[in-house]
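Asker: coords below, sequence missing:
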């Protein structure tokens, strides 16, 4: 996928520089292990899909274990002339919330200027899987992100319900809360999906071995 044309170019530049720094850490890594895949989730992924609410922190998981410096942050000037920054959230983990088993396989490759996809492949979780990942906490920001994706025509309530129920079958812990949150999420999606849209833009599942 290509970045949305309406995204802040300063943000995109900072994002590219941050990933380029990670790519440089791969010098000397056996080419058989590459590309390293980075899976972008959270608010940054919602921004890339729906173009709303700039996210300062970057939630991402990796296909390999990798040592990253603690200061992975890039500054930029936003389109309003204000100083801003984006940083990799070192505390993020994708193991605590609901997730479909095909979420990573269905994540879309993101084209970023200056980043060599043969070494570092940046992928963005699909809108449907982003919505499912938010059913754990379902905070105010999570609700806002879900509304934004629904209004952009990126979510379909029926497909979301089916995929979320599949994901919750193997969610370990206390699935009662995300099941209850799913009911509220479906109501939000139905109330905010424009007529004639709501088709999920996920590609067919391609499992990686």
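Answerer: Cool, the structure landed. Bear in mind the structure is a predicted one, so any value in this text is a computation, not a measurement.

Asker: And stretch 18-34, what's buried?
Answerer: 18-23, 25-26, 34 (16 or more other CB atoms under 10 Å). Just so you know, the C-beta spots here come from the backbone N, C-alpha and C atoms, and that holds for glycine as well.

Asker: Tell me where the model's unsure across this protein.
Answerer: Counting by pLDDT under 70, the chain has low-confidence residues at 197-209.

Asker: Distance of the residue of it most remote from its centre relative to residue 119?
Answerer: For the chain, the C-alpha lying farthest from the average C-alpha position belongs to residue 28; by CA atoms, centre = their mean, that distance is 28.3 Å. Computed with CB to CB, to the nearest Å, the distance linking residue 28 and residue 119 is 11 Å.

Asker: Ok, residue 101 next?
Answerer: 27 Å.

Asker: Compare those two (neighbour count), which wins?
Answerer: residue 119 (17 against 12; other CB atoms under 10 Å).

Asker: Report the contact partners of the residue farthest from the centre of the chain.
Answerer: Taking CB atoms under 8 Å, 6 or more residues apart in numbering as the definition of contact, residue 28 has no neighbours.

Asker: got the phi/psi numbers for the most centrally placed residue in the chain?
Answerer: Central residue of the chain (CA atoms, centre = their mean): residue 41, 2.4 Å from the mean position. The phi/psi pair for residue 41 (degrees, to the nearest 10) reads phi -130, psi -170.

Asker: Find the nearest non-adjacent residue to residue 23, please.
Answerer: residue 120 (4.2 Å; CB to CB, 6 or more residues apart in numbering).
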